[in-house]
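Colleague: Okay, sequence plus prediction incoming.
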Amino acid sequence: MKSSSLATSEIVKNYRKRQSLSQEDFGQALGVTKMAVSYWERGIQIPSFLFLFDLIFPHSGWVRDFALDCMAAQSPHVQPASDIGRSVLVLQ
């Protein structure tokens with residue numbers, strides 16, 4: 001397992017648990033299947049950068065923060081949501 005997939009799997013688990021959602025409900029909130037969430041949490045796959053980017057602008061709150069944090073785990077050029085607040089996406 002690559003370090004980015006490990007970091008991403010922890011982010012997925014943490015966000016899902018903070019929202020008190022099942023894998024199925026978490027997947028529905030993001031527009032993916034329960035199996036996709038399971039793969040992400042186990043580090044078998046990670047959400048694609050394009051998928052995450054597409055979550056940012058139509059959403060707010062935890063969905064947007066989830067996308068930013070996953071992107072930050074995959075790229076040193078994206079700052080986590082906690083570092084930038086809730087107003088902008090910063091690409092370095």
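Modeller: Here it is on my side, so go on.
Colleague: alpha carbons only for contacts and neighbour counts from here, please
Modeller: Will do.
Colleague: is it true that residue 56 touches residue 70?
Modeller: No: using C-alpha atoms under 8 Å, residue 56 is not in contact with residue 70, being 11.2 Å away.
Colleague: Please identify which of those two sits among more neighbours.
Modeller: Neighbours were counted for residue 56 and for residue 70 using other C-alpha atoms under 10 Å; residue 70 has more, 28 against 18.
Colleague: For the more buried one, give me its contacts.
Modeller: Shown in contact with residue 70 (C-alpha atoms under 8 Å, 6 or more residues apart in numbering): 8, 11, 12, 47, 52, 80.
Colleague: can you check residue 9 too?
Modeller: Contact analysis of residue 9 by C-alpha under 8 Å, 6+ apart lists 40, 41, 42, 43, 46.
Colleague: what element comes up after the longest helix along the chain heading to the C-terminus?
Modeller: Secondary structure of the chain per DSSP state H: the longest helix is helix 3-18. Remark: after helix 3-18, the chain's next helix or strand is helix 23-30, criterion DSSP states H and E.
Colleague: For the next helix-or-strand element following that following helix, could you pull out the residues that count as buried?
Modeller: Where DSSP H and E defines the elements, the next helix or strand beyond helix 23-30 is helix 34-42. For helix 34-42, the neighbour count (16 or more other C-alpha atoms under 10 Å) marks 34, 36, 37, 38, 40, 41, 42 as buried.
Colleague: Just checking, which helix or strand of this structure averages the lowest pLDDT?
Modeller: Every helix and strand in the chain was compared by mean pLDDT, DSSP states H and E; the lowest is helix 81-84, with a mean of 62.
Colleague: Tell me who's in contact with residue 47.
Modeller: Residues in contact with residue 47 (C-alpha under 8 Å, 6+ apart) are 40, 70.
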